[in-house]
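Asker: Got a sequence here, can you build the structure:
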Amino acid sequence: MPLPAVFIQQCRSLLGSRQVIADPESLRVYDCDALSAYRQMPELVVLPESVAQVRALLKLCNEYRVPVVARGAGTGLSGGALPVAGGVVLGLSKMKRILAIDPVNCCATLQPGVRNLAISEAAKPYGLYYAPDPSSQIACSIGGNVAENAGGVHCLKYGLTVHNVLQVKLVTLDGQLMTLGGSGLDMPGYDVLALAIGSEGLLGVVVEITVRLLPVQPQTQVLLAAFAGVEQAGAAVAAIIA
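Answerer: The predicted structure follows:
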């Protein structure tokens, strides 16, 4: 069922025509994420640039009962950014500002469209970096990492995204802005932050993230080890972890 013309017009009024995509050829860019085996054309793509715009858009979608799928860089392989038939894709790629780097408390506050690798590049002058690195870290965005609880080759030592995020601000479907977590080492009460990370946008659209930064390693060395059999290799891994 096509979206009401009045709904589309209100989206343009909120954002401006350049931030609302409705023509079929341009919409094809958003019909899947990196899991291209599944595709669904959205009815509309909206590209907000501020938290206020995200709140207004979600309120509008809630009013018209229009399904919404949040999208980051679209590098995910799980179909998390796959549009819903008859729905809107809310792209967060324009919200890509690094809001603050706090070298004393070893954390950074970012908008969701900031690339994973860009966090480490911004923190490097302070001798810090962001540990989780999905294989697509050169392109993937931190908002998508939070939505999917992304891991990567460092997760065995440093954990997943959930272990490296201190706080998120998210907007619920009715437009409310909520803050989960905090800057302290341990927040009182239920760990709702961990519930939100990996929820793929079902609980809200993340609009701001505070991540933990770690000191840059003084040296990185690549090693190659060869084993006569699988059992020896497994025993070596177990011994290293132990």
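Asker: Check which element follows the lengthiest helix in the chain along the chain.
Answerer: Determined from DSSP state H, the single longest helix within the chain is helix 51-64. Downstream of helix 51-64, the next assigned helix or strand under DSSP states H and E is strand 68-71.
Asker: What are the boundaries of the helices in the chain?
Answerer: Under DSSP H, the chain gives helices at 5-15, 24-27, 51-64, 116-123, 142-148, 155-158, 192-196, 230-241.
Asker: And the fifth one, what does it pack against?
Answerer: Here helix 142-148 is seen to pack against strand 68-71, helix 116-123, strand 205-212 when contacts are counted using 3 or more CB pairs under 8 Å, 6 or more residues apart in numbering; DSSP states H and E. Any C-beta I mention is one placed from the backbone N, CA and C, and that applies to glycine too.
Asker: Same question for the fourth one.
Answerer: In terms of contacts (3+ CB pairs under 8 Å, 6+ apart), helix 116-123 is packed against strand 98-102, strand 107-110, strand 128-129, helix 142-148.
Asker: How about residues contacting the third one?
Answerer: What it means is strand 128-129. I101, P103, C106, I119, S120, A123, L213, L214, P215, V216 (CB atoms under 8 Å, 6 or more residues apart in numbering).
Asker: Also the last one?
Answerer: Applying CB under 8 Å, 6+ apart, the external contacts of helix 142-148 come out as 70-76, 78, 80-81, 92, 95, 110-116, 119, 132, 134, 150, 161, 165, 168, 196-201, 206, 209, 211.
Asker: Now list the buried members of these.
Answerer: Neighbour counting with 16 or more other CB atoms under 10 Å marks 70-76, 80-81, 92, 95, 110-116, 119, 132, 134, 150, 161, 165, 168, 196-201, 206, 209, 211 as buried within the contacts of helix 142-148.
Asker: Dig out what the closest residue to L166 other than its chain neighbours forms beta bridges with.
Answerer: Take L166 and drop its neighbours on the chain: the residue closest to it by CB to CB, 6 or more residues apart in numbering is T210, 4.6 Å away. In this structure, T210 bridges to T109, Q167 when assessed by DSSP bridges.
Asker: could you measure T210 against G87, distance?
Answerer: 30 Å (CB to CB, to the nearest Å).
Asker: Lovely, talk soon.
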